[in-house]
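K.L.:
mind looking at a prediction? Sequence and model below.
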Amino acid sequence: MARKISILIVDDEESVRDSLYSWFIEDGYRVECAENARKALTIFESDHFDIVLADIKMPGMDGLEMLRRIKACKSDSIVIVMTAFATVDTAVKALKDGAFDYITKPFDPDDLTHLIRNATKQISLSDENEALKTKVITLENVEDLIGNSQAMKNVLSEVESVAQTNASVIITGESGTGKELVARAIHANSQRKFFPFVSVHCGALTESLLESELFGHEKGAFTGAMYNRKGRFEMADSGSIFLDEIATISNKMQVELLRVLESKTFIRVGGNKEIFSDFRVICATNKDLKSMVEKGDFREDLFYRLNVMNIHIPPLRERKSDIPLLVDYFIKKHCHSMNKPPVAIDPTALKRMQDFNFPGNIRELENMIERAIVVGDGKKISLKDLPLEKTIISNSAESLDDFEQAFILQILTKYAWNISRTARALKVDRVTLYNKIKKYDLKPTDQQ
Amino acid sequence: MNLSNINLISFGFFEKYFLEQLAEAVEREFTCTLKIKDGHIDLSEYYDPARRQYNGNKLLMHIDSLGTPPTDKSLGLFSVDLFIPILTFIFGQAYLGGRSGIASLYRFSNIHYGMPEDKQLILDRFKKEVTHELGHTFGLIHCHSLSCVMRSSTYVEDIDQKSQLLCSACRTALGME
């Protein structure tokens, strides 16, 4: 329901104030009157008014000065000026100073009605715009960042505190943990939220392509550059740029990037004009950047420039309590996108998923659910619909030790860290199992 | 709604049939007792030579000074061109929730718009204006319903678009439904 519009009438003539008061009251507006600009400003400071209808010629402070003061304190106020001495100069001056419109006394009733109708239309649009913005913010906040575990709560709290700053952020975490979603959440909660969020996957581009992608290029800069092209830094002006897989960029690009981050200016490939862009950098990597710096594979100055804030997203195996929530979320998401009614999940299948290590993290879990919905019977996801057996050992295992460690952890998890049962299942004695646990520094996850 | 009388006070010449038709319409709409009275004032005192019109604010104040009991309503009927200082003209006006109002049929004549005279149209327009101003005295504000007589009208074609009747919401607001 539309709210009641409020109007403040400012005129030194009592008959004008009274007439307009009656006119607007009969139209259902909330109306107040002031006989001079000073009184009007006092009322305006303590109360909200959508529209101010002010005379220009008043003793003391005139309507134009009052208009400037109102605009300085609340720039989106709608001020309509009225005068009995219409000149083009005063009209232009008032409009230049931000007046919504200008009306000459006495008014035609129809002109006044139209003027107020136009003003209220603008107010409604502005209210609607605000409401939509709020809706967008709310949607951004909840989008895909699912989790109730302490680990995830910590991440969300870090996102909240980092978002309000302009500092560069590095998001670390294994592949598939949702680093881009966290970057989007930072952007969506920042003051830059109404400006672009530009994402660049550095690992997917060669050095020359990345250079052109980030800085843009001028027509003819290289073979095939038929038109001028804006770079991602330019596109991210006033917003945020997300550089995924930052650890993969070459030394040359690291130098270039450092220079851009320090000056916020750059030149398009093949161009000569310096371009300024106000962007915030959010990076992500699944590598240990610090050890890369120690090894000389990543520039230390760039690392410190980027690593003002760090958010680490734990792998899914360290927040297994979130699996049921995530499963439920992905079932709803994919059933909706496939236009199917939501399916249930067999408790045994869910239990097995919670026992599984998910080397591909949330991405793997999501793919697993999507596949199960496609191949399942359309009513319930059961164990046979899940490819758990085939990938039972982490596919990141690169050595026999890795394999042994993952396998022992998996069986320990399966038997809820019951040493005797695990030892029996592995066909080793308990001492051997204890030695292996010690050797690989195995610890129960938050589910045990 | 609790009142004893509505007084329609005519200033200037109005045909008897015209006033009877008007009274009947108002009486029917507000289900009240209605009296038609003759008013006597020197209109020249309310004339503004600069604007060549009659001051609606002063006329309304005059009607309000006639000593109408608080539960009654008095509406002055005129046939002259009315204005208020801030507007170029008015069809009528009333105190919102008060006891007095005024209405003029001057601008309801088609002659002012270069069209042939239509007495029935003048009567219909005047019925709507009188009902509208009386509605204000009962505390009704402008209504958004297209057909309601309480819809705001700033030119005669607006008046022709609406009906002579209060809409259901306005009747409910007056406690008539």
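P.N.:
Ah, there it is.

K.L.:
can you pull out the low-pLDDT segments for the chain?
P.N.:
Since no chain was named, I'll use chain A. Within chain A, the ranges that satisfy pLDDT under 70 run A:1-2, A:85-87, A:133-144, A:389-398, A:445-448.

K.L.:
actually it's chain B I care about, not the one you picked
P.N.:
In chain B, residues with pLDDT under 70: B:1-4.

K.L.:
just the strands in it please.
P.N.:
Along chain B, counting by DSSP state E, strands occupy B:6-10, B:34-38, B:47-48, B:53-55, B:73-78, B:82-84, B:87-90, B:92-94, B:100-104.

K.L.:
will you turn the ones you listed into TSV that also has distance to B:Tyr155 and mean neighbour count?
P.N.:
The way it works is simple: take the backbone N, C-alpha and C, and place the C-beta from them, glycine included. Shown next, in TSV, are these (distance: least, C-beta to C-beta, whole Å; neighbours: other C-beta atoms under 10 Å in any protein chain shown):
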stretch	distance to B:Tyr155	mean neighbour count
strand B:6-10	24	21
strand B:34-38	28	14
strand B:47-48	22	14
strand B:53-55	16	20
strand B:73-78	19	26
strand B:82-84	15	23
strand B:87-90	10	20
strand B:92-94	14	25
strand B:100-104	15	26
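
K.L.:
A:Gly224: which of the ones you listed is closest?
P.N.:
Between A:Gly224 and the strands of chain B, the tightest spacing by C-beta to C-beta is seen for strand B:87-90, at 67.8 Å.

K.L.:
next, see if that closest one gets close to chain A.
P.N.:
Yes. Contact between strand B:87-90 and chain A, assessed by C-beta under 8 Å from any C-beta of the partner chain, occurs at B:Leu87, B:Thr88, B:Phe89, B:Ile90.

K.L.:
in chain B, which residue is most central in space?
P.N.:
B:Val130 (2.8 Å; C-alpha atoms, centre = their mean).

K.L.:
alpha carbons of stretch A:187-197, as CSV, please.
P.N.:
Output in CSV follows, covering the C-alpha atoms of stretch A:187-197 (Å, rounded to 0.1, in the frame of the first residue of the first chain):
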residue,chain,number,x,y,z
HIS,A,187,31.0,-7.4,-2.8
ALA,A,188,27.3,-7.7,-2.1
ASN,A,189,27.8,-6.5,1.5
SER,A,190,30.1,-3.6,0.6
GLN,A,191,29.4,-0.1,-0.3
ARG,A,192,30.3,-1.0,-3.8
LYS,A,193,27.3,-3.4,-4.1
PHE,A,194,25.5,-1.3,-6.7
PHE,A,195,28.5,-1.3,-9.0
PRO,A,196,29.9,-4.2,-11.1
PHE,A,197,31.4,-7.4,-9.7
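
K.L.:
rewinding a little: next, format the strands of chain B as TSV and append distance to A:Glu14.
P.N.:
Compiled in TSV, the strands of chain B are given as follows (distance: least, C-beta to C-beta, whole Å):
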stretch	distance to A:Glu14
strand B:6-10	26
strand B:34-38	31
strand B:47-48	17
strand B:53-55	14
strand B:73-78	22
strand B:82-84	12
strand B:87-90	16
strand B:92-94	16
strand B:100-104	19
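
K.L.:
looking at those strands, which is nearest to A:Ser199?
P.N.:
strand B:87-90 (58.5 Å).

K.L.:
list the helices and strands that closest one packs on?
P.N.:
Contacts defined by 3 or more C-beta pairs under 8 Å, 6 or more residues apart in numbering or on different chains; DSSP states H and E place strand B:87-90 against helix A:109-142, strand B:82-84.

K.L.:
immediately after the first one, which helix or strand?
P.N.:
From helix A:109-142 onward toward the C-terminus, using DSSP states H and E, the following helix or strand is helix A:150-163.

K.L.:
between helix A:109-142 and that following helix, find me the angle.
P.N.:
Calculated by axes from the mean of the first three to the mean of the last three C-alpha atoms, to 10 degrees, helix A:150-163 forms an angle of 140 degrees with helix A:109-142.

K.L.:
next secondary structure after helix A:150-163?
P.N.:
Next in sequence after helix A:150-163, counting helices and strands by DSSP H and E, comes strand A:169-172.

K.L.:
could I get the contacting residues of A:Gly376?
P.N.:
A:Val343, A:Ser382, A:Asp385 (C-beta atoms under 8 Å, 6 or more residues apart in numbering or on different chains).

K.L.:
which residue packs closest to the second one, ignoring adjacent ones?
P.N.:
Take A:Ser382 and drop its neighbours on the chain: the residue closest to it by C-beta to C-beta, 6 or more residues apart in numbering or on different chains is A:Asp346, 4.5 Å away.
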